[in-house]
Each structure stands twice: as structure tokens, then as C-alpha cells.
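Novice: Dropping a prediction and its sequence here:
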Amino acid sequence: MPDNGHKLVIKSVSKTFQTKKARVTALQETTFDVREGEFVTILGPSGCGKSTILRVVAGLVEPSSGQVLLDGREIKSPGADRGMVFQSYTLFPWLTVQKNIEFGLELKNVDKRARAEIAQHYLKLIGLSGFENVYPVNLSGGMKQRVAIARALANEPEILLMDEPFGALDAQTRTIMQELLLSIWEETKKTIMFVTHDVEEAIFLGDTIYIMTARPGRIKEKIRVGLPRPRDYAVKDAPEFLEIKRRILELIREESIKAANAV
Amino acid sequence: MDGGLLNSKNMYKSWTDCLGAAHFALVFALWSALAYAGVVSNTFLPTPDQVLQTAYRMVVDPAGDNLLHHALISTLRVTVGFFISAVLAVPLGIFMGTLPKVRAFFEPMMGFIRYMPASAFIPLFILWIGLGEPEKVMVIFWGTFFQQALMVMDVTKNVAGELVEVSYTLGAKKLAVFSKIILPASLPGIIDTLRITFGWAWTYLIVAELVGASSGLGYVIIQAGRFLKTDVIFVGILVIGLLGMLTDLIFKLLYRVMFPWLTREGA
Ligand SMILES: Nc1ncnc2c1ncn2[C@@H]1O[C@H](COP(=O)(O)OP(=O)(O)O)[C@@H](O)[C@H]1O
Ligand SMILES: [Mg+2]
């Protein structure tokens, strides 16, 4: 364990993409950290570099500067200690739900019985017991994302990275998924980094919200959400919730005015 | 809700089947009308029953001109040529799709050869390897191989990047990504490539049999042309069409059996 008690440390990380036509600064120097068991949400408009941060942490993208430490060790490549759930549906279509959940375990050579047991556990956790032999093509969008969450968790990662996982779902399903995710988090006490562009989602889920601004992407503000846990959808009408929402919308407004004047 | 969708889907399916059958009926009717009414002379357009009688005569013919004998030889040639091509092209295509250096080495040359008609090579092949079976197989191989490899390359190259990325975050290393993600993800596309290129292989077979052959459906057709036996030409063409349809059907069946995960249940 690192001495400062931080699970994940993001130290002066920046990323510039070099394309054929231009250099794009996706992320300006960014520094923050995540405590063990913390639920961090990253909120920002599309194109502000949210995915880039997550992908750097996942090890899928190499930062142009800075480093990321997980439990004090520098991240250099992708690994099973950092699970990821994408916005697009990424279940392996040729594998059944159970085989999808077992994918990481099979790579680790966990034996068949133990794999099946773990899969059963997570199927129950996501409320899809009985779906083990179904192929992803037969699942709804919400179900696919639930299985994707189970697949990431079955690997017992140190941290769960979620990149707008509910972005493609309709409003009702989205609310249900948010509550489900919170109940899973209460139960597993995983450290979670959750990216979204939905203000309410960021407040409802997070302990801490990092608000990002675009062009070039950087973190503008850190907001602590003091709302009591466990939370359910009713909290979205609580005065504290509305107060935080008002503050965030004000911040976003300031930024867009600045951006409009700059042009 | 699902039931309703399902029913309308099935109804739609039988509708489209009807349309397909109607097209066959239409062409057949047109052919019959033109042939029986004598609008076109039978030397140029035989009647359907002439063609049927000829086909029957050729099937029961015990001599060397037996239709089944020719069909069998052609099928063997095309299968062997296609098989050799596939055995080499599929792995090569997969490696070209996954390893940029392999791709960089092979793609330009193959893209170049692909546009040279295989039939133009026939004289060379005859000079180099003679008029026997190897030459026929070579023509089919040459016509099929390059397309096949390039198509398989495209299929493999286009496996969704996020499937690969998510497998990395689940702990997969390069070899596992290849065997557990890229291969299964490209398999349907590869089978489809084989189905399509098998059709093309038939085309090259006929080309191969037009020159210097003494058996096979292509030979039957070219011989019949010389002696103005239009009915025999028809029989030859129709048999090739039927064989083609049959292989297409087999591939489609194979596809269904191999990839149950592609179709929604009840659809
Ligand atoms: N591989 C890449 N190559 C070039 N530019 C990229 C790449 N990935 C992201 N970008 C650019 O970086 C910026 C931030 O992207 P991203 O992190 O995906 O934003 P977000 O997830 O907040 O929508 C965007 O302008 C995007 O176009
Ligand atoms: Mg994004």
C-alpha cells in the first residue's frame, strides 16, 4: 500500500495525439488521486478527454507525460487489475453470458468448477441468474452492460473503469442501471472511476466529481458529494442534490460563455 | 410483442421467397414462349423439353459423354483447386490482417496480380506444366488465391478494436488476443469469403476447361458449341448453375450450424 493511502495516483498526465493532419491535445496536465473504495465520477462535454484519462489508466494509451500509479506501482500496459466497461457493447458475441463472465478467469487458468461458481455469483449480483447459456445477441442493451460489468468484476480488478457505460441506454433503463451499480458497489466496495457527460448521473453515483472542460481538456473543479449512502433515485429531489447540480450547471455555463467569447 | 415481430418477420420471409420463385417462373415462361412459339429458331434457343430430354439422354449415356461423369470431373477439379487455395490463403490472409509487416510485404504484389485475369495466364501454365490436370487446378488456384487472401485479410483487419481492447483489460496477452478474439471474431467472415470465392472458382474452372480439355462441363459446352448443339450447351450451363447453388446452400447451412450466436433466437 502506498503511504498516502491512495489507490490510484494520476501524476501530471497529459496526452497529445499526433494525427496526419494535426496535433491534438486531448488532455492537459492532469493530477488527482482516488482513494481505496472511492466512487469517482468524471464529468465533461464530449471531446474533453474523459475517455483518454480512462484509457491511460487502463494502459491502452501511453501518456505523453506524467505517470499513473496503482497501489504505488507505475502502469505501463493493460492488465487484469484494471477492469473496463465501455459505452459500446463489447461482449464477445460468440461466447455465452457465462463464458463471457468467465473470460478473464479462464486466462488465469482458474479451474472449471471455480469459474462456474464465480460466474454464478456475479450473475446473481447483476440479477441475470438463468441467463448463463444465452448469447449476447439475445440480450437487451441494459442486460449487455450488466454482463459487461459482471465480466469485469469477476476478474476481481483493483479498480473498475467505466466509460459512459449507460450512455446508449434509454432514460428508464439508465436509472435502473445506476441504482444497480450503486448496490453492486455497496456490496463489493470496489474503487470505481466512472466517466459521464450526464450531470445528474455524476452526482447521483459519485463521492467525488471531477469536472472537465474542453479544448484542451483539463480538470476545472473537484466537487465532493456529501449525500448519504445508500442512495436511491429519490435523492435526486433532495435539496443538497439540487444545490450541487445548480453549482455544476453554473460552472458549465461560465465555461461555455468563456469559450464563446474566445472564438 | 416478440410474437408479433416474429410473425411479421416470417410473413416477410415467405413473401420474399415468393418473389424469388416468381422470377424463376417468369424467366422460364419467357423462355418457353419464345422457344415454343418459334419466335426464335430452335437452333439458337431449344425448348425446355428438348433440354430436359437431352439432359436425360446424357445422364443415361454409358459412354464417355456421360453428363454425371463430366460434372464429377469438373466438381473434383474445382474442389481441389479451391481447397489448395483456401488452405494457403486463409492463414496468409489472417496473418496479413493481424501483422502489419506481413501485410506490408504481401499486399502490394497481391493487389497487382489480382487485377491480371487468370485466363490470361493459361497459355503460360500450359507451356510450363502441360495440359493435364495440374494445369486446370492451377488456373482455378490462380484465379481464387489472391482474392481470397485479400478478402480474409480485410475480415481479420476489421475485427472491432474495442473487442481487442476489452480483452486486454481482462488480462489477455498478444497470443490470447489472436486465438481467443481475432480468430473467432473473423470466422464468420472467413466462411463467407469461402462461399463467395467458391462461386468464382467455378468461373475459372470453365475457363480452364475451354482450352485443351477432353472432359468436364466446360469441355462439354465448348464441344456442343462447335456442333451447334444448343440444347447441350443449355444442359451444361444449367448443371453448373445447379452445382453452384448447391455449394452456396451447403455453405449457408454450415454458417448456420457453426455460428448459432449470430442469429437471435426465434428469428
Ligand atoms: N486515437 C486518437 N487520435 C487522435 N485524436 C484522438 C484520439 N483519441 C482521442 N482523440 C481526440 O482527443 C480528444 C479527446 O477525446 P476523448 O478522450 O475521446 O474525449 P471524450 O471521451 O471526453 O469524449 C478529442 O478531440 C478526440 O478527437
Ligand atoms: Mg469518450
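Specialist: Happy to help now that I have it. Numbering: from 1, shown residues only, chains lettered A, B, ... in the order given. Ligands and ions are numbered 1, 2, ... in the order given.

Novice: Get me the contact residues on the stretch 101-250 of chain B for chain A.
Specialist: Residues of the stretch 101-250 of chain B lying near chain A by C-beta under 8 Å from any C-beta of the partner chain: B:160, B:162-163, B:165-172, B:176, B:180-181, B:184-185, B:187. For the C-beta atoms, the positions are set from N, CA and C on the backbone; glycine is no exception.

Novice: Narrow the residues you listed to those in helices?
Specialist: Using DSSP state H, the subset of those located in helices is B:162-163, B:165-169, B:176, B:184-185, B:187.

Novice: Could I have the buried ones of these as PyMOL selection syntax?
Specialist: Restricted to buried positions by 16 or more other C-beta atoms under 10 Å in any protein chain shown, the PyMOL selection for these reads:
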select buried, chain B and resi 163+165+166+167+168+169+176+184+185+187
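
Novice: List the buried residues for stretch B:15-33?
Specialist: Neighbour-count burial for stretch B:15-33, with 16+ other C-beta under 10 Å as criterion, is recorded at residue B:31.

Novice: Ok, stretch A:150-162 next?
Specialist: Buried-residue list, stretch A:150-162, by 16+ other C-beta under 10 Å: A:150-155, A:157-162.

Novice: could you check whether it is close to ligand 1?
Specialist: No - judged by C-beta under 6 Å from any ligand atom, stretch A:150-162 and ligand 1 are separated, with a smallest distance of 12.1 Å.

Novice: got the contact list for the closest residue to chain A within chain B?
Specialist: Closest contact between chain B and chain A, by C-beta to the nearest C-beta, is at residue B:171 (3.1 Å). Applying C-beta atoms under 8 Å, 6 or more residues apart in numbering or on different chains to residue B:171 gives the contacts A:79-80, A:104, A:107-108, A:155.

Novice: give me the low-pLDDT residue ranges for the stretch 1-150 of chain B?
Specialist: Applying pLDDT under 70 to the stretch 1-150 of chain B flags residues B:1-11, B:64.

Novice: re earlier: find me the pLDDT at the residue of chain B closest to chain A, would you?
Specialist: In this model, residue B:171 is scored at 96, pLDDT.

Novice: do you know how far it is from residue A:109?
Specialist: 11 Å (C-beta to C-beta, to the nearest Å).

Novice: Quick one: name the residues of the stretch 1-150 of chain B near ligand 1.
Specialist: Counting by C-beta under 6 Å from any ligand atom, no residue of the stretch 1-150 of chain B is near ligand 1.

Novice: Give me the three-state assignment for the most centrally placed residue in chain A.
Specialist: Computing the C-alpha centroid of chain A and ranking residues by C-alpha atoms, centre = their mean puts residue A:162 first, at 2.1 Å. Following DSSP: H, G, I helix; E, B strand; the rest coil, we place residue A:162 in the strand state.

Novice: partners of it in the sheet?
Specialist: residue A:85, residue A:194 (DSSP bridges).

Novice: pretty sure it is in contact with residue A:85, am I right?
Specialist: Yes - the pair formed by residue A:162 and residue A:85 meets the contact definition of C-beta atoms under 8 Å, at 4.7 Å.

Novice: shared neighbours of those two, anything?
Specialist: Common neighbours of residue A:162 and residue A:85 (C-beta under 8 Å, 6+ apart) are residue A:149.

Novice: how about residue A:9, secondary structure?
Specialist: strand.

Novice: Phi first, then psi, for residue B:232.
Specialist: In terms of degrees, to the nearest 10, the main-chain angles of residue B:232 are phi -70, psi -40.

Novice: residue contacts, the nearest residue to residue A:164 once chain neighbours are set aside?
Specialist: Of all residues not flanking residue A:164 in the chain, residue A:87 sits nearest, at 4.2 Å (C-beta to C-beta, 6 or more residues apart in numbering or on different chains). By C-beta under 8 Å, 6+ apart, the contact set of residue A:87 is A:163-165, A:167-168.

Novice: repeat for residue B:97
Specialist: Counted by C-beta under 8 Å, 6+ apart, residue B:97 has contacts B:103, B:152-159, B:182, B:186.

Novice: domain assignment for chain B?
Specialist: Domain assignment for chain B by automatic domain parsing gives B:1-40, B:47-265.

Novice: before we move on, the earlier item: any quick PyMOL command for the buried ones out of the contacts of residue A:87?
Specialist: Buried residues within those, by 16+ other C-beta under 10 Å, are selected in PyMOL with:
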select buried, chain A and resi 163+164+165+167
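
Novice: Around residue B:53, how many other residues sit close by?
Specialist: Neighbouring residues of residue B:53 were enumerated by other C-beta atoms under 10 Å in any protein chain shown; the total is 14.

Novice: Where does it sit: helix, strand or coil?
Specialist: helix.

Novice: Which helix runs longest in the chain?
Specialist: Picked chain A for this. Taking DSSP H as the criterion, chain A has its longest helix at helix A:239-262.

Novice: if you could check chain B rather than the one you did, that'd help
Specialist: Assigned via DSSP H, chain B shows its longest helix as helix B:2-36.

Novice: pLDDT weak spots in chain A?
Specialist: Ranges of chain A meeting pLDDT under 70: A:1-4, A:263.

Novice: nearest spatial neighbour of the closest residue to chain B within it, skipping sequence neighbours?
Specialist: Ranking the residues of chain A by distance to chain B (C-beta to the nearest C-beta) places residue A:80 first, at 3.1 Å. Counting by C-beta to C-beta, 6+ apart, residue A:80 lies nearest to residue B:171, which is 3.1 Å off, once chain neighbours are set aside.

Novice: next one: phi and psi at that neighbour?
Specialist: Dihedral angles (degrees, to the nearest 10) for residue B:171: phi 100, psi 10.
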